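Undergrad: Predicted structure and sequence below. I'll ask about it afterward.
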Amino acid sequence: MNDIVLCFRIFMQLNKHLNTKPMEKITKKYSNGEVTIIWRPDLCNHSAICFRTLPNVFKPWDRPWIDPNAASTEDLIKTVKRCPTRALMYEINAPEPEQDEITVKKELATITILQDGPILVEGNYRVIDEQGNEIVCREDPALCRCGASKKKPFCDGTHADIMFTDE
């Protein structure tokens, strides 16, 4: 694991324990004109996926900490979709692509295993429980890989709290 990420996780864990006041439920928005990044800090578990992926955009020590003009809209969307808790979301400001283009992009499921984190699923898929019932899930979920999530089979970000690693 990258030393900066480890230091950041330790800092956030210490900060969480020292600050007993519950985090305020606020929503912040950052736009580049084509897409708006929405950040809900009360949901963030500080997995650091965002700033490891796009360090020029996500700068935890700067204010504002998100600079959506520092990367392409496509890269912003890809990174925001990797947020395991959905503390980061996005809204498209520009006209969306034609329906045929969306269908073609979503024909095959893509499964991405994140280092020291969850499994991301994108595309056409169904999640079926052990009784054969379909589990309704949000678009492109993150699936738990550490085994400690309280929302199994979905990731709730606990992997960051328990410092889950691939090793």
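TA: That came through fine. Numbers count the residues shown, from 1 in each chain.

Undergrad: so what's the residue nearest the centre of the chain up against?
TA: The centroid of the chain falls nearest to residue 83 when counting by Cα atoms, centre = their mean (0.3 Å). Contacts for residue 83 (Cβ atoms under 8 Å, 6 or more residues apart in numbering) come out as 47, 49-50, 89, 142. C-beta coordinates here come from the backbone N, C-alpha and C atoms, glycine included.

Undergrad: in this protein, which spans are strands?
TA: 28-31, 35-39, 88-92, 110-113, 119-122, 127-128, 134-135, 142-143 (DSSP state E).

Undergrad: any weak-confidence spans in the chain?
TA: Segments of the chain classed as low confidence (criterion: pLDDT under 70) are 1-24, 94-107, 124, 136-139.

Undergrad: Do a quick rundown of the helices in it.
TA: All helices of the chain, identified by DSSP state H, fall at 3-18, 49-53, 73-81, 99-105, 158-161.

Undergrad: How about the backbone phi and psi for the residue of the chain positioned farthest from its centre?
TA: Distance from the centre of the chain peaks at residue 131, with 28.9 Å (Cα atoms, centre = their mean). Backbone torsions of residue 131, given as degrees, to the nearest 10, read phi -90, psi 0.

Undergrad: For burial, what's the neighbour tally of the residue lying closest to residue 65 once chain neighbours are set aside?
TA: Leaving aside its chain neighbours, residue 65 sits nearest to residue 59 (5.5 Å; criterion: Cβ to Cβ, 6 or more residues apart in numbering). Using other Cβ atoms under 10 Å, residue 59 has 16 other residues around it.

Undergrad: I'd guessed residue 59 sits against residue 48; true?
TA: No: with contact defined as Cβ atoms under 8 Å, residue 59 does not reach residue 48; the gap is 11.9 Å.
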